[in-house]
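1. Sharing a model prediction with you, sequence too.
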Protein chains: 2
Amino acid sequence: MTYRVPTQDIRFALQELADLPGVLELPGFEDFSAELIDAIIDENARFVEQEVAPLNRAGDQNGAKWNDGVVTTTPGFKKAFEEFAKAGWQGLQHEAELGGQGLPKLIGAVACENINAANLAFSLCPLLTDGVIEAVSMVGSDEQKARFLPPLMEGRWTGTMNLTEPQAGSDLAQVASRAVPQDDGSYRISGQKIFITYGEHDMAENIVHLVLARTPDAPAGVKGISLFIVPKFMVGEDGSLGARNDVWCASLEHKLGIHGSPTAVLLYGSGKGDVGEGAIGYLVGQENEGLKYMFIMMNAARYAVGVQGIAVAERALQQAIEYANDRVQGAPLTGGKAVSIAHHPDVQRMVVQMRALTEGSRALAYFAAGVNDKARHSADENARKRYQALYEFLVPVVKGFSTEMSLEVTSLGVQVHGGMGFIEETGAAQHYRDSRILPIYEGTTAIQANDFIGRKVLRDAGAVIQGLAPELVATVAKLRERAAQGGEHQAALGLIADRLEAGVKSVERAAMFTLMNAQKDLSAVFLGSVPFLMLSGYVLTGWQMARAALAAEKALSEGNQDPFLRRKLSTSVFFASHLLPRAGALAQSVADGVELTPYLSAELL
Amino acid sequence: MTYRVPTQDIRFALQELADLPGVLELPGFEDFSAELIDAIIDENARFVEQEVAPLNRAGDQNGAKWNDGVVTTTPGFKKAFEEFAKAGWQGLQHEAELGGQGLPKLIGAVACENINAANLAFSLCPLLTDGVIEAVSMVGSDEQKARFLPPLMEGRWTGTMNLTEPQAGSDLAQVASRAVPQDDGSYRISGQKIFITYGEHDMAENIVHLVLARTPDAPAGVKGISLFIVPKFMVGEDGSLGARNDVWCASLEHKLGIHGSPTAVLLYGSGKGDVGEGAIGYLVGQENEGLKYMFIMMNAARYAVGVQGIAVAERALQQAIEYANDRVQGAPLTGGKAVSIAHHPDVQRMVVQMRALTEGSRALAYFAAGVNDKARHSADENARKRYQALYEFLVPVVKGFSTEMSLEVTSLGVQVHGGMGFIEETGAAQHYRDSRILPIYEGTTAIQANDFIGRKVLRDAGAVIQGLAPELVATVAKLRERAAQGGEHQAALGLIADRLEAGVKSVERAAMFTLMNAQKDLSAVFLGSVPFLMLSGYVLTGWQMARAALAAEKALSEGNQDPFLRRKLSTSVFFASHLLPRAGALAQSVADGVELTPYLSAELL
């Protein structure tokens, strides 16, 4: 087995931390019993372990190939995607009335993690397709939904997001692709898009491109961008495929990682199709509202990319543990014969650091998914609004923190292997390379931090943080209460309480600084944006680990001997002692912003 | 120009921080005038920029190739090494009476940084050769010195270190290669060595392998290891090359980075040479003392690998600055047209973080090199001893900290490039891949930390730290004194003083914990070994940056308008506000060791 889905930790997070029982009671989810969810998770694990995980190395070593506009994916990918489609995984979390299975996002998050851990490069295809389904579901016309959603849900077609152009990366105001309206209501699209994930491939019958472009009279900047559906092959009224549209893959990028995922340069309107000049596209929603719509799919994708960070971290962790247990090297501190390196303190530190970051981020991401389900399904409108604000607050943290931490985890994964980690055959290096894109695509960490500071902290004057802080303080109180009752883990619970309490104060310090300086020194605030985002990540993740410690200690104290529980407690104590202290350092850096800005300028770089 | 040697920062560090004037006054260095040193630095910069740096990409894309035991290096490498040899750079820091040029190690460190920044993979060949020269100089017989040193110094031959075997990595007690004495006083060596850098190549006439092996009656473990010289081609009395020795390159590794550097599996005694079975080797020094001798070259190599970290960081930094200045994307916070990303606060944060880590580590490494020169050349024996203890204390910090920080710097380098950073053509990804070996080879960071805690802190009961702390406190006092005089930079100097003072307390806290728990809970101490090492790195490096701030502020206050000075002050303030706070977090983690150890074990991994 090349990868084993950590079903016990997943179930623990769902049950104890992300309130799966509460989610299953929400209107619309009544039909899903706990048993059915269990069966789905098991079947998903079996599927990704057997069908997808074994292709991970092949994707790296024998990535997608381009030849005159035609892209051939890694041998095995096409077959695996067929199996994925056949089993109905693509529709898992999409609305039942539109052809999906309507499961909670919480279960969608599990499936997303599993397939990405099995094979990050492969999974980008369904990940992007999810985003297209979500956008068309929410803002497409009934005709567009009827025509495009069923084959996308069934995995017969796949989807892409076309935002980036050479001059327009993080700055979408620079988008220059043009869309000229035709007499029949369609548009002719022309322009060049780059970094288009699965922009061309051989795994599906058709590809549905969602493309940002400007109509002739559109205003400048982001207010003049419209969203279009551009199918690779034209689609007849009966759903049959027709002429090749004028969208052409000019080349694939040669990348540091995720070699199995074709990253395409797409030319629209180069005259290479069968439809004359200009790719035929269909306006989605209203003209000039494209950015708003694209954010629908981008927010879904941002959350999913955060989950990708957890996925690659879990895979690196499993590989490191296996090596640490197998590799015999060096006598223990107490002397004697050489032992497996798992016995050496620093190897234990590295492995548990990897686990703490991974399991903590998983817990936070699942927690956020549960919040999303409540935001969409709660009976009470005020509750929906409250959960929606909390979910939107959490998305940039999940995306930014989980992807940044995946760099640390995959780097530690290499380090645990020593010299072998630097040898490509070992496989540890692949995770290190693959993960490096995660803090970049779907909005860099700085973009997440801007969103976090600007829209999620300043816009509501810190209301979400103020609402959340008492919940963390309550966890601190519960830890203290439990510690006061004595027992084997008294000191550990007390330590977690102390570090979490300090963490909460660090968040409050950074929030206060941000709110107080936003008017008079915005540069100082944004200089601390990424540190503030990461600080929030450590504290929110540390909060989940503290809740996990409470649950684990309770079960242990009730006589449950499962080693999983002691391991969870170990991971929680480690998180508190080695990761939560980073929050204080980050808060200090945020708060120094005002003193620092006079010394930073473009001229001084 | 693909790379530009940062001569202004190098001169600043030499002059203001590493006491070059004091070094040049030491006995043995009187002949080197400041002008001569200046000329050497300029010529070295010209050489690496023109001859070595342009080959960096080629080495990555078209690395060394193996064919039936023969290794062909990247086109251009052989010629560049000839130029390197011709110009006399190999002998730069080696003793004049043995054929070197006898320059201070401080200048050797500069040359080491420059060539490694130009081309990390290429420079491993002279780096390892330096180690062989150092070992033979110190423990070789007169006959061995006469036969092997001149061609090594002249760059006609190169050297390698052969420690690792498949079962013996960090744990050299497991070395199993055998050395059987022959009637003529030589030995026949057999065994397999792996990870041998430049173990086979086409850049020199001969290769001098230094090999660890066991004689037939040797005791088990590290006390039974002897050191042998094994030349690739036998060497006649007149220095002429003869029969091919029985050492054979079985394969090269396929690595994550440094593709230009051939990493060989070497078979000794496979019968493939012209000398019968068993490679002919010559004992260096005494039998069973091999490990001690190998440490001579390893300590030199460890320092040099630390400098490699600085080198690759500097190269990544220059590339990031160039991109940040060129890439126009996004409006500034104040609104308006799109500007270069160098105007955005988080890009400034990333670039200055890269610079702070790089320049701080450079300053510390040069400081250490100056200490080494004083340890070897001071007239007073007590001074020599004191400096030697300080140098040995600093080596694991320079190695561990500079290489770990290079991972952060090269990762930020990718991030500054956004999506382009993930594309291999950009070049940023190469530094990210190349640097990943640095915290592993020549002793992993954990091995450095063990050395640091065990030999440099516990063995002398913290004497070196106790001796050093008052110097840091004195710098804090100077900063406060200067801040008290007012002026434009009052707040900045005060901030640096506060953060450095907190850093010193963090080191003292970690040292106290280590000394107090070494007897009763050694696991808890070693669990914090890497955090303690990194903490020491931040504080010692932050100390150098604080000294740099004092020097820069003084020159500015005297009317010097050089933008370099304001940039240096900027970097120093940034170091204090964004990097020194990490020391407190690390000290907290070290001090939590006792609470944490009950939760860590091999069984729980």
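-> Done, it's in.
2. switch to C-alpha atoms for all contacts and neighbour counts from now on
-> OK.
3. Looking at stretch A:33-40 now, give me its mean pLDDT.
-> Mean per-residue pLDDT for stretch A:33-40: 97.
4. contacts for it?
-> By Cα atoms under 8 Å, 6 or more residues apart in numbering or on different chains, the list of residues contacting stretch A:33-40 from outside reads A:Pro21, A:Leu24, A:Ile107.
5. Neighbours of the nearest residue to A:Glu553 once chain neighbours are set aside, how many?
-> Spatially, and ignoring its direct neighbours in sequence, A:Glu553 is nearest to A:Leu569 (6.9 Å; Cα to Cα, 6 or more residues apart in numbering or on different chains). Number of residues near A:Leu569 (other Cα atoms under 10 Å in any protein chain shown) recorded here: 25.
6. How about the closest residue to chain B within the stretch 401-550 of chain A: what's its closest non-neighbour residue?
-> Nearest residue of the stretch 401-550 of chain A to chain B, counting by Cα to the nearest Cα: A:Ile423, 4.5 Å away. Distance criterion Cα to Cα, 6+ apart; nearest residue to A:Ile423, sequence neighbours excluded, is B:Lys255 at 4.5 Å.
7. Now do the one you found against A:Gln430, distance only.
-> 11 Å (Cα to Cα, to the nearest Å).
8. With A:Met405 instead?
-> In terms of Cα to Cα, A:Met405 sits 16 Å off from A:Gln430.
9. neighbour count winner among the two?
-> The residue with more neighbours, out of A:Met405 and A:Gln430, is A:Gln430; 27 against 24, by other Cα under 10 Å.
10. so what's A:Tyr198 closest to, chain neighbours aside?
-> In space, and not counting its chain neighbours, A:Tyr198 is closest to A:Pro262: 5.1 Å by Cα to Cα, 6+ apart.
11. Just list the residues touching that neighbour, thanks.
-> Under the criterion of Cα under 8 Å, 6+ apart, the neighbours of A:Pro262 are A:Gly63, A:Ala64, A:Lys65, A:Val71, A:Thr73, A:Thr197, A:Tyr198, A:Gly199, A:Glu200, A:His201, A:Leu252, A:Glu253.
12. Please identify the helix or strand for the residue nearest to A:Glu553.
-> Remark: A:Leu569 resides in helix A:563-574, with elements defined by DSSP states H and E.
13. Now do that helix, average pLDDT.
-> What helix A:563-574 shows for mean pLDDT is 98.
14. how much space between A:Ser137 and chain B?
-> Distance, A:Ser137 to chain B, using Cα to the nearest Cα, to the nearest Å: 29 Å.
15. Oh, that last question was meant for A:Arg244, not what I typed.
-> Distance, A:Arg244 to chain B, by Cα to the nearest Cα: 29 Å.
16. who's that residue bridged to?
-> Judged by DSSP bridges, the bridge partners of A:Arg244 are A:Phe233.
17. what's the pLDDT at it?
-> For A:Arg244, the pLDDT comes out at 98.
18. Test my guess that it contacts A:Phe233.
-> Yes - at 4.6 Å, A:Arg244 counts as touching A:Phe233 under the criterion of Cα atoms under 8 Å.
19. In terms of neighbours, single out the busier of those two.
-> The residue with more neighbours, out of A:Arg244 and A:Phe233, is A:Phe233; 22 against 19, by other Cα under 10 Å.
20. List the contacts of the more buried one.
-> Contacts of A:Phe233 (Cα under 8 Å, 6+ apart): A:Asn206, A:Ile207, A:Leu241, A:Gly242, A:Ala243, A:Arg244, A:Asn245.
21. re the thing from before, please verify my assumption that the residue of the stretch 401-550 of chain A closest to chain B contacts B:His259.
-> No - counting by Cα under 8 Å, A:Ile423 sits too far from B:His259 to count as a contact (11.0 Å).
22. Show me which of these two is the more surrounded one.
-> Set A:Ile423 next to B:His259 and count neighbours by other Cα under 10 Å: B:His259 wins out with 28 against 21.
23. Now do that one against chain A, distance only.
-> B:His259 is 11 Å from chain A, by Cα to the nearest Cα.
24. how about the residues of the stretch 451-600 of chain A that lie near chain B?
-> A:491-492, A:522-523, A:526-530, A:563, A:566-567, A:569-570, A:573-574, A:577-578, A:581-582, A:584-586, A:588-589, A:592, A:595-596, A:599-600 (Cα under 8 Å from any Cα of the partner chain).
25. Weed out the non-buried ones from these.
-> Buried by 16 or more other Cα atoms under 10 Å in any protein chain shown: A:491-492, A:522-523, A:526-530, A:566-567, A:569-570, A:573-574, A:577-578, A:581-582, A:584-586, A:588-589, A:592, A:595-596, A:599-600, out of those.
26. Relative to chain B, how far out is A:Met138?
-> Noted for A:Met138: a distance of 29 Å to chain B, by Cα to the nearest Cα.
27. is it true that the residue nearest to A:Ile423 touches A:Gly421?
-> No - between B:Lys255 and A:Gly421 there is no contact under Cα under 8 Å: 9.0 Å.
28. So which of these two has more stuff around it?
-> Shown here are B:Lys255 and A:Gly421; by other Cα under 10 Å, A:Gly421 has more neighbours (26 against 22).
29. who touches that one in this structure?
-> Neighbour list for A:Gly421: A:Gly413, A:Val414, A:Gln415, A:Gly427, A:Ala428, A:Ala429 [criterion: Cα under 8 Å, 6+ apart].
30. Among these, which pair sits farthest apart?
-> Distance extremes for the contacts of A:Gly421: the farthest pair is A:Gln415 and A:Gly427 at 12.5 Å, using Cα to Cα.
31. for A:Leu124, helix, strand, or coil?
-> Secondary structure, DSSP: H, G, I helix; E, B strand; the rest coil: A:Leu124 is helix.
32. where does A:Val398 land in three-state SS?
-> Three-state assignment for A:Val398 (three-state DSSP): helix.
33. so how many other residues sit close to the residue lying closest to it once chain neighbours are set aside?
-> Excluding the flanking residues, the one nearest A:Val398 by Cα to Cα, 6+ apart is A:Gly306, at 5.3 Å. The local packing of A:Gly306 (other Cα under 10 Å) involves 29 other residues.
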